[in-house]
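Colleague: sharing a model prediction with you, sequence too.
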Number of protein chains: 2
Amino acid sequence: MDKFGEFLEYLKENDIKKAVITRKENITYFLERYPPNFSILIFDSNHDKVTLQVSKLDFEMSKDYKNKNLDIELYENFENTFKGCIGLEDTLPIKFLKFVEKYTIISKKIDEMREIKSKAEIQNIKTAAKISDEAIEFGTNYAFENDCVTENQVAAEIEYFMKEKGSIRPSFDTIAISNKKTRLPHGMPSKDIVKNILLMDIGALYEGYCSDITRTVILNENIQKYSEVYDVVKSAKLEAEKNLKAGISVKELDLVARDHMGEFKEYFIHSLGHGVGVEVHESPTISSKIKEDIILKEGMVITIEPGIYTDDFGVRIEDLYLVKKNGFEKLSNAKILKY
Amino acid sequence: MDKFGEFLEYLKENDIKKAVITRKENITYFLERYPPNFSILIFDSNHDKVTLQVSKLDFEMSKDYKNKNLDIELYENFENTFKGCIGLEDTLPIKFLKFVEKYTIISKKIDEMREIKSKAEIQNIKTAAKISDEAIEFGTNYAFENDCVTENQVAAEIEYFMKEKGSIRPSFDTIAISNKKTRLPHGMPSKDIVKNILLMDIGALYEGYCSDITRTVILNENIQKYSEVYDVVKSAKLEAEKNLKAGISVKELDLVARDHMGEFKEYFIHSLGHGVGVEVHESPTISSKIKEDIILKEGMVITIEPGIYTDDFGVRIEDLYLVKKNGFEKLSNAKILKY
């Protein structure tokens, strides 16, 4: 069954006559392409009807979104949009509650549907991943081949590369950090000169679908401690890959990689990975600390990204995977270079 | 009075003992700099205390946010964060309502405070505007000096330029569109070759503060209709500038520009402008169609951006202004080139 059909069916089963979707990522999920700037998706389960409301400014460019399952109409005002609506997303801003009498949250169903990717979605993610693969190799070469480049320059080169290849924008703020700053999992690039070690965590956005990849490269081969930590991180990632297939639980997968780090595991201060789709972080979280365990299913797209962060520096390596029945398909394929 | 003091005072007057701010833009406003990735700002008016909660991953990099008015602490869980809270933003996702018993919306006060910019904020916006000024001139030269460039390439060149100069990311999806596509106010760049006419609408983000500027340049001087429309748009913008100062109403300012367009005014299908700060669109909206009129005040930062969109092409010119008692200071200063 298609997405519209499945969701309309769910609404009927739960006696929800109308649901309003305002979150851009959810609209992208249903359309399987990047929506117009101002878009609201309305499901009318009474009439088996799905409508995309757009603003006057976007109406002209929205015409080619129309198909046999989807009507396009002009947004007028929120009173009309929410009239008779009882199905709401849990991310809806509370200011809209004044337009609604009583409501039911429909986000859990959408989040579940979003976990398993369709063929069209996988194709979009693959395109995004190919762009970030090429970009991160380009960024690595750029840092190796030029003296005195700044973190900002590496980030700018990478983002240029992705934009030129058709990425709408980075799927998150590009991380290109060096030296001591690599110890910060969310460090931001600055005017600091790149030296000793370079960590790049980047993603592209293609038709509203994200990619996510991290590479760390050692620029100064004389610093021995980098090499040791690098090998532990790489090995933990391989250990996770050995265990990655439909049926494994996210807690187990996280612990496999974590325990493999031995004495270094106390420096692995975040989860092993996360789902990726219309958002760069979405369900499932690959963590041993979540309350309810999750079993990986065929068709999920996730990252595996072990990292070790000492007081002096950090190393993280991350790839993107499509979970399969007996293993996985690797969606990110940039070279993993230590030096 | 400083922002923290003014807001704590407001909370006391309204008997709101605790307010929780989760919206990144509002946190940026209060800190006057870009906040850590995961941040929650808590106002405790009982104890005159303001606290920034951050995640473990960002704790190290958050230390230099601490000052005599601001404590930093680790986020634990939403139960604790929202405990005893009754002041909420109207943009808070409805999923958080389960942590709160009854609540009062405090967004109106913050939106009002945000309308008038502090010295530090103006400085951040000026820095962002300088970056986008240089970038849009660079983009124009790039399109003139190279044959067969695509819209994607112009957008990528502009974004590279801004990133390299310290812009965190574009303040909105960069528009660089050409030929017939210029008729779409929100058109997106593609692989189409730039020809005949080029419209660039871009912005930088510096320390969480936005800039916004639009330039349209005619590449093919032989197409007479471009020139005529260009002159009308430019003249309407000058007419608005003549009237821009503290005390004028937004409806009046919008109509001054609109009426100046004569027979073309039916093709001016959007508002004249909008406020700019931590968001690229914020209060006040410069429009003759809003319900309640707004009087411009000293310290507001707004755009003026008349545009004409025919079936064949569009022209928009936009600048950024700081409203002053007897006029304005222009914050964007890129050359306005017709050809």
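Modeller: Received, thanks. Residues are numbered from 1 along each chain as shown, chains lettered A, B, ... in the order given.

Colleague: for the top helix by length along chain A, buried residues please.
Modeller: Ranked by residue count, the top helix of chain A under DSSP state H comes out as helix A:119-145. Neighbour-count burial for helix A:119-145, counted by 16 or more other Cβ atoms under 10 Å in any protein chain shown, picks out A:121-122, A:124-140, A:142-143. For every residue, glycine as well, the C-beta is placed using N, CA and C.

Colleague: again with stretch A:57-75
Modeller: By 16+ other Cβ under 10 Å, the buried positions in stretch A:57-75 come out as A:57-62, A:65, A:72, A:75.

Colleague: that stretch and chain B in contact?
Modeller: Yes. Using Cβ under 8 Å from any Cβ of the partner chain, stretch A:57-75 comes into contact with chain B via A:57-58, A:60-61.

Colleague: out of those residues, which are inside helices?
Modeller: If you go by DSSP H, the residues of stretch A:57-75 next to chain B have A:57-58, A:60-61 in helices.

Colleague: which one of the residues you listed is nearest to B:Glu329?
Modeller: Closest to B:Glu329 out of these is A:Leu57 (29.1 Å), distances taken as Cβ to Cβ.

Colleague: from B:Gly262, how far out is that closest one?
Modeller: Distance of A:Leu57 to B:Gly262, computed by Cβ to Cβ, to the nearest Å: 22 Å.

Colleague: for A:Val323, same thing?
Modeller: Counting by Cβ to Cβ, the gap from A:Val323 to B:Gly262 is 62 Å.

Colleague: quick check: end-to-end length of stretch A:92-103?
Modeller: Taking Cα to Cα, to the nearest Å, stretch A:92-103 runs 11 Å from one end to the other.

Colleague: for that stretch, what is the average pLDDT?
Modeller: Mean per-residue pLDDT for stretch A:92-103: 94.

Colleague: so how far is it off the chain centroid?
Modeller: 28 Å (Cα atoms, centre = their mean, to the nearest Å).

Colleague: that one close to chain B?
Modeller: Yes. With Cβ under 8 Å from any Cβ as the criterion, chain B is reached by stretch A:92-103 at A:92-95, A:97, A:103.

Colleague: per-residue pLDDT, A:Met1?
Modeller: As predicted, A:Met1 sits at a pLDDT of 58.

Colleague: can you give me the first-to-last residue distance of stretch A:169-183?
Modeller: This stretch, stretch A:169-183, spans 26 Å end to end (Cα to Cα).

Colleague: next: stretch A:266-286.
Modeller: Terminal residues of stretch A:266-286 lie 17 Å apart, using Cα to Cα.

Colleague: list the buried ones in it?
Modeller: Buried, per 16+ other Cβ under 10 Å, within stretch A:266-286: A:267-268, A:270-286.

Colleague: you'd agree A:Thr28 is in a helix?
Modeller: Yes. Counting by DSSP: H, G, I helix; E, B strand; the rest coil, A:Thr28 is found in a helix.

Colleague: need the contact list for the residue nearest to it when sequence neighbours are not counted.
Modeller: Spatially, and ignoring its direct neighbours in sequence, A:Thr28 is nearest to A:Gly208 (3.6 Å; Cβ to Cβ, 6 or more residues apart in numbering or on different chains). Shown in contact with A:Gly208 (Cβ atoms under 8 Å, 6 or more residues apart in numbering or on different chains): A:24-25, A:28, A:33-35, A:124, A:168, A:278.

Colleague: could you look up the SS state of the residue in the stretch 201-339 of chain A that chain B sits nearest to?
Modeller: Closest contact between the stretch 201-339 of chain A and chain B, by Cβ to the nearest Cβ, is at A:His270 (6.0 Å). Assigned by three-state DSSP, the conformation of A:His270 is coil.

Colleague: pretty sure it sits against A:Asp201.
Modeller: No. Contact criterion Cβ atoms under 8 Å: A:His270 and A:Asp201 do not qualify, at 11.7 Å.

Colleague: separation between A:Lys56 and A:Asp319?
Modeller: The gap separating A:Lys56 from A:Asp319 is 43 Å, by Cβ to Cβ.

Colleague: same check on A:Met300?
Modeller: Relative to A:Asp319, and taking Cβ to Cβ, A:Met300 is found at 14 Å.

Colleague: say whether chain B is contacted by the longest helix of chain A.
Modeller: No. Using Cβ under 8 Å from any Cβ, we find that helix A:119-145 stays clear of chain B, coming within 11.3 Å at best.

Colleague: next one: that helix to chain centre, how far?
Modeller: For helix A:119-145, the separation from the chain centroid amounts to 14 Å (computed by Cα atoms, centre = their mean).

Colleague: quick check: mean pLDDT across it?
Modeller: The average pLDDT within helix A:119-145 is 97.

Colleague: check which helices and strands it sits against.
Modeller: On a contact count with 3 or more Cβ pairs under 8 Å, 6 or more residues apart in numbering or on different chains; DSSP states H and E, helix A:119-145 meets helix A:151-164, strand A:197-202, strand A:205-206, strand A:209-210, strand A:213-218, strand A:319-324.

Colleague: and the ones you listed, which is most packed in?
Modeller: Each of the helices and strands packed on helix A:119-145 was scored by mean neighbour count; the highest is strand A:209-210, a mean of 30, by mean count of other Cβ atoms under 10 Å in any protein chain shown.

Colleague: do you know the pLDDT at A:Leu205?
Modeller: The model reports A:Leu205 with a pLDDT of 97.

Colleague: which residues pair with it across the strands?
Modeller: Beta bridges link A:Leu205 to A:Cys210, judged by DSSP bridges.

Colleague: next one: the one 10 residues further on
Modeller: Judged by DSSP bridges, the bridge partners of A:Arg215 are A:Met200.

Colleague: pretty sure it contacts A:Lys338?
Modeller: No. Counting by Cβ under 8 Å, A:Arg215 stays clear of A:Lys338, with 10.1 Å between them.

Colleague: with just CA atoms, put the least confident helix or strand in chain A by mean pLDDT into PDB.
Modeller: Lowest on mean pLDDT, DSSP states H and E among the helices and strands of chain A sits helix A:56-62, with a mean of 86. Only the C-alpha atoms of helix A:56-62 are listed here, as PDB (Å, rounded to 0.1, in the frame of the first residue of the first chain):
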ATOM      1  CA  LYS A  56       0.000  32.300  -3.100                       C
ATOM      2  CA  LEU A  57       3.700  32.900  -3.600                       C
ATOM      3  CA  ASP A  58       4.400  29.200  -4.200                       C
ATOM      4  CA  PHE A  59       1.200  28.200  -6.100                       C
ATOM      5  CA  GLU A  60       2.700  28.500  -9.600                       C
ATOM      6  CA  MET A  61       5.700  26.200  -8.700                       C
ATOM      7  CA  SER A  62       3.400  23.800  -6.800                       C
END
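
Colleague: and that helix, how far out from the chain middle?
Modeller: 28 Å.

Colleague: so who does the nearest residue to A:Asn152 once chain neighbours are set aside touch?
Modeller: Spatial nearest neighbour of A:Asn152, chain neighbours left out: A:Pro189 (5.1 Å); criterion: Cβ to Cβ, 6+ apart. Neighbouring residues of A:Pro189 by Cβ under 8 Å, 6+ apart: A:150-152, A:154-155, A:174-177.

Colleague: swap in A:Glu207?
Modeller: A:28, A:32-34, A:124, A:127, A:168.

Colleague: which one of those residues sits closest to chain B?
Modeller: A:Ile168 (6.4 Å).

Colleague: name the SS class of that closest one, please.
Modeller: coil.

Colleague: quick one, phi psi at A:Phe328?
Modeller: In terms of degrees, to the nearest 10, the main-chain angles of A:Phe328 are phi -160, psi 160.

Colleague: what bridges to the residue nearest to it when sequence neighbours are not counted?
Modeller: Once flanking residues are discounted, A:Phe328 sits nearest to A:Tyr321: 4.4 Å by Cβ to Cβ, 6+ apart. Note on A:Tyr321: beta-bridge partners by DSSP bridges are A:Ile302, A:Lys330.
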